[in-house]
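this is a predicted model, with the sequence first.
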Amino acid sequence: MKESTLFKNIQMVLPEGVRQGDVLVVGDKVSKIAPSLSDSADEVIADSGLTLMPGCIDTHVHFREPGATHKETIASGSKAAVSGGVTTFFDMPNNSPATITVNELHWKKQRASNSSFANYNFYIGATLDNLDELIKAENCPGIKIFMGSSTGNMLVDDQKILDDIFKYANKPIVIHSEDETMVRDNMDRYKGSTDVSDHMNIRTPEAALACTKRAVALAKKHQQRLHILHLTTAEEVDWLMNQNLPPYITVEVCIQHLLLHAPRVYEELGTFAQINPPLRSSAHADRLWHGLRQGLISSIVTDHAPHLIEEKHQPFGQAPSGMPGVETLLPLTLQFYHQKNATLNDVSRWLSGAPQRLFNIDRRGQILPGYFADFVVVDLDASWAIENKTTVSQCGWSAFDGWKVKGKPVMTFVNGQMVFREGEFFYAPGIASEVSFASSVPISA
Ligand SMILES: [Zn+2]
């Protein structure tokens, strides 16, 4: 373990803008930031031309442990994360067994403490009868409600139960928003279809909008903190923009819903493009981008949901929904910067600053004295291709296989310690830690 690290003459993405200078890390925190520091340190990083960014915080991943460790584990998923500059992840509860009790939540935290490369925390899942567990869970980022069906069996669709959860929740509620009844009706209608693009016709914009309206009404009724996961439709963007949303209702988008569009993506990738909610037309993606630029949508996440290649190769109707993505989040988002559609500060806000504020994460997501030293060092000019064969995730594929991108994460630091450098990984127990939350007061991102 290094006691101190000095980054010399590096481009830094700071809250006030992009600056050139030095950063001294002592222990697990940032000690000083200045145009020039003369301190000595155990390690000096002085490669010119590199850019220091806050480590990314992906608040929406599925690392499959316990229960489906042939697809991914906390170790393999977090290794993929740090290879792409993600230094903190929040993992979803649809495991086997599902994370629906305090005991299961503890099990995952314990497992992560012995195997994770990145900082971590875990949502607890709502069921029809676990309100007491939801309330009891401590230092937990939020309560996940599958208001529509998705992978796993944690559907909560009953109004009385939803009312109770929204009334009594003592932590943020995060929802998968697709109306279950509408999706089921459509499933009957398209039963037997072998055309994967029917996935969009089953999981319609109307089903997403109906559920989002219902969730917003519940949150407003109980003045409850609500975070809407992976928004996908123009209809939701436009409706939410007109609602004059209170600051306690926030929204995220997945990078793939911005970048991959129907019908082409289904023609090219088949069932590998099948995710919930579905990939839709570029018209929807354009409105999502608008929602992001306007600040309706605060953060970009991955919904990293790996399945093995042979599982995804099954015909439509049998193939599971979900795609990986945690390791390509930052490289893909950097393309908006290179295309001059975003600044480095925008990228950093979407991937680090906003997630920190959305969940009140304690002292992460920005490069500031006193904050934890979670960094990604990026070679902004490096051109490379995302390829299945170099995927770090255990699933071994990416929907972005063959995409040429510019900007490569070359080093990743978690709590002041280097965990990744150009293809090499460094693990030691105790580097990564469970993130904590500053307070329960919601702050607008
Ligand atoms: Zn998800």
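Looks like it arrived, so ask away. Numbering: from 1, shown residues only.

domain ranges for this structure?
For the chain, automatic domain parsing gives the domain ranges 4-53+368-425, 56-359.

low-confidence ranges, this structure, go.
Residue ranges of the chain with pLDDT under 70: 148-155, 439-445.

may I see the buried residues of the longest helix along it?
Longest helix in the chain by number of residues (criterion: DSSP state H): helix 205-222. For helix 205-222, burial by neighbour count (16 or more other Cβ atoms under 10 Å) applies to 205, 207-216, 218-220, 222. Where C-beta positions appear, they are placed from N, C-alpha and C, glycine not excepted.

stretch 230-238 now?
For stretch 230-238, by 16+ other Cβ under 10 Å, it's 230, 231, 232, 233, 234, 235, 236, 237.

just the ones of those residues in helices?
Members of those lying in helices (criterion: DSSP H): 234, 235, 236, 237.

using CSV, lay out those together with distance to residue 282.
Converted to CSV, those look like this (distance: Cβ to Cβ, whole Å):
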residue, distance to residue 282
234, 10
235, 15
236, 16
237, 14
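
returning to what we had before: for the longest helix of the chain, give me every contacting residue.
With contact meaning Cβ atoms under 8 Å, 6 or more residues apart in numbering, helix 205-222 is reached by 147-148, 162-163, 166-167, 173, 175, 177-180, 182-183, 186, 224-226, 228, 231-236, 239-240, 243, 245-246, 248-249, 277, 280, 284.

what do you get if the cut-off is 7 Å, keeping everything else the same?
If you take Cβ atoms under 7 Å, 6 or more residues apart in numbering as the criterion, helix 205-222 is touched by 147-148, 162-163, 166-167, 175, 177-179, 182-183, 226, 228, 232-233, 235-236, 239, 243, 248-249, 277.

give me the buried entries from these.
The buried subset of the contacts of helix 205-222 (16+ other Cβ under 10 Å) comprises 147-148, 162, 166, 175, 177-179, 182-183, 226, 228, 232-233, 235-236, 248-249, 277.

which secondary structure element is home to the closest residue to residue 55 other than its chain neighbours?
Nearest residue to residue 55, sequence neighbours excluded (Cβ to Cβ, 6 or more residues apart in numbering): residue 87, at 2.7 Å. In this assignment (DSSP states H and E), residue 87 forms part of strand 86-91.

CA atoms only: put that strand into PDB for me.
Taking Å, rounded to 0.1, in the frame of the first residue of the first chain, the C-alpha atoms of strand 86-91 are listed here in PDB:
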ATOM      1  CA  VAL A  86     -15.600   3.200 -12.500                       C
ATOM      2  CA  THR A  87     -14.400   3.300  -8.900                       C
ATOM      3  CA  THR A  88     -17.800   2.900  -7.200                       C
ATOM      4  CA  PHE A  89     -20.800   0.800  -8.000                       C
ATOM      5  CA  PHE A  90     -24.200   0.200  -6.600                       C
ATOM      6  CA  ASP A  91     -25.500  -3.300  -7.300                       C
END
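
does anything pack onto it? Which helices or strands?
On a contact count with 3 or more Cβ pairs under 7 Å, 6 or more residues apart in numbering; DSSP states H and E, strand 86-91 meets strand 56-61, strand 119-122.

sheet partners, orientation included, of that strand?
Sheet pairing of strand 86-91 (DSSP bridges) gives strand 56-61 (parallel), strand 119-122 (parallel).

deepest of those, which one?
strand 56-61 (a mean of 29; mean count of other Cβ atoms under 10 Å).

can you give me how far that one is from the chain middle?
Chain-centre distance of strand 56-61: 3 Å, with Cα atoms, centre = their mean, to the nearest Å.

what do you get for stretch 406-415?
Taking mean C-alpha positions (Cα atoms, centre = their mean), stretch 406-415 and its chain are 17 Å apart.

same thing with stretch 205-223?
From the chain centre to the centre of stretch 205-223 is a distance of 22 Å (Cα atoms, centre = their mean).
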